[in-house]
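Participant: next comes the sequence, and after it the predicted model I'd like to discuss.
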Amino acid sequence: MKRVGWLGLLFLLFLLPESIRAQEEGMRYLEALEKKYAGLQDYTVDVTVHFDIETFKAPDLQAKIYYKVPDKLKVESKRILFFPKEGGYFNPSLFKAEDHTVILLERLTHDGKKAVKMRLIPKNPKRNIHDIVLTLDVEQNRVREIRMVRSGGGEIKAEILYGSFDRFELPTRIHLLLDFPAVVPEIKGFQPPSEGTKRVTGRIEMTYSNYKTNSGLTDEIFRETELKRPQ
């Protein structure tokens, strides 16, 4: 028994340095991403949202997004309707290295580029998100996929395509895949799931255009955070 115990200890000591190196590597990737967007203070962008969700029927939504670091958001639309704030807009401040415990899961290739998959465990969870799995293109410091697990068993996966705008790489399209327990939100347009349905799944396609960056958005713009009709 003593021999087995010592062998186990030696095995753990052998693995520990590799684990520490992997965590430090993951932290460096997040720090590089943070540095890339350090000059981005705010942006506005037009977005078209297409819904393809079970139990939810709605026409495409036209809206304007206002964002200011670190996490101020406002969405304006002619119609008051559901907007997917989790994954529905680009917020580089969401991935600050200092705010997460980082676990490097895998080194891989994504669209021909070297990439890594990392688990980010928020030190102070917000918006019921308690686990994030990030796929990061390490050649261009681009977040390509985000998988968010919510309290209660809901999951959101975001797949992101980019374009260049005013020296920043920002999303031109975000494809959201939703998978939630069959609980009907109190939102106009949602219908009760059919009997026996345990999960509600679907897709949301978001297309972005007409970016304006670092225009000096004031805090006054964000006094109301709900969807708001344009003046």
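Facilitator: Happy to help now that I have it. Numbers count the residues shown, from 1 in each chain.
Participant: tell me the contacts of the residue nearest to Leu40 when sequence neighbours are not counted?
Facilitator: Leaving aside its sequence neighbours, Leu40 sits nearest to Phe168 (CB to CB, 6 or more residues apart in numbering; 5.5 Å). Every residue, glycine included, has its C-beta placed from N, CA and C. Under the criterion of CB atoms under 8 Å, 6 or more residues apart in numbering, the neighbours of Phe168 are 37, 39-40, 43, 213.
Participant: quick one: the strands in the chain?
Facilitator: Here the chain has its strands, by DSSP state E, at 42-53, 61-68, 72-77, 100-110, 113-122, 129-137, 142-150, 155-165, 168-181, 199-213.
Participant: make JSON lines from those and add mean pLDDT and distance to Pro84 to it.
Facilitator: Formatted as JSON lines, the strands of the chain follow (pLDDT from 0 to 100; distance: least, CB to CB, whole Å):
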{"stretch": "strand 42-53", "mean pLDDT": "93", "distance to Pro84": "8"}
{"stretch": "strand 61-68", "mean pLDDT": "94", "distance to Pro84": "10"}
{"stretch": "strand 72-77", "mean pLDDT": "91", "distance to Pro84": "10"}
{"stretch": "strand 100-110", "mean pLDDT": "90", "distance to Pro84": "22"}
{"stretch": "strand 113-122", "mean pLDDT": "92", "distance to Pro84": "19"}
{"stretch": "strand 129-137", "mean pLDDT": "88", "distance to Pro84": "13"}
{"stretch": "strand 142-150", "mean pLDDT": "91", "distance to Pro84": "11"}
{"stretch": "strand 155-165", "mean pLDDT": "94", "distance to Pro84": "8"}
{"stretch": "strand 168-181", "mean pLDDT": "92", "distance to Pro84": "6"}
{"stretch": "strand 199-213", "mean pLDDT": "92", "distance to Pro84": "6"}
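Participant: including distance to Glu220, could those strands go into a markdown table?
Facilitator: Output for the strands of the chain, formatted as a markdown table (distance: least, CB to CB, whole Å):
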| stretch | distance to Glu220 |
| --- | --- |
| strand 42-53 | 13 |
| strand 61-68 | 11 |
| strand 72-77 | 11 |
| strand 100-110 | 31 |
| strand 113-122 | 29 |
| strand 129-137 | 28 |
| strand 142-150 | 30 |
| strand 155-165 | 24 |
| strand 168-181 | 24 |
| strand 199-213 | 17 |
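Participant: gap between Ala158 and Leu104?
Facilitator: Ala158 sits 20 Å away from Leu104, going by CB to CB, to the nearest Å.
Participant: between those two, tell me which one has more neighbours.
Facilitator: For Ala158 versus Leu104, neighbours defined as other CB atoms under 10 Å are more numerous around Ala158 (22 against 18).
Participant: which strand residues bridge that one?
Facilitator: Beta-bridge partners recorded for Ala158 (DSSP bridges): Ile146, Leu176.
Participant: the one 10 residues further on now?
Facilitator: Listed beta-bridge partners, Phe168: Phe165 (assigned using DSSP bridges).
Participant: also Tyr43?
Facilitator: With DSSP bridges as the criterion, Tyr43 is bridged to Tyr67, Thr213.
Participant: from the centroid of the protein, which residue is nearest?
Facilitator: The geometric centre of the chain, computed from its C-alpha atoms, lies nearest to Gly87 (CA atoms, centre = their mean), at 4.2 Å.
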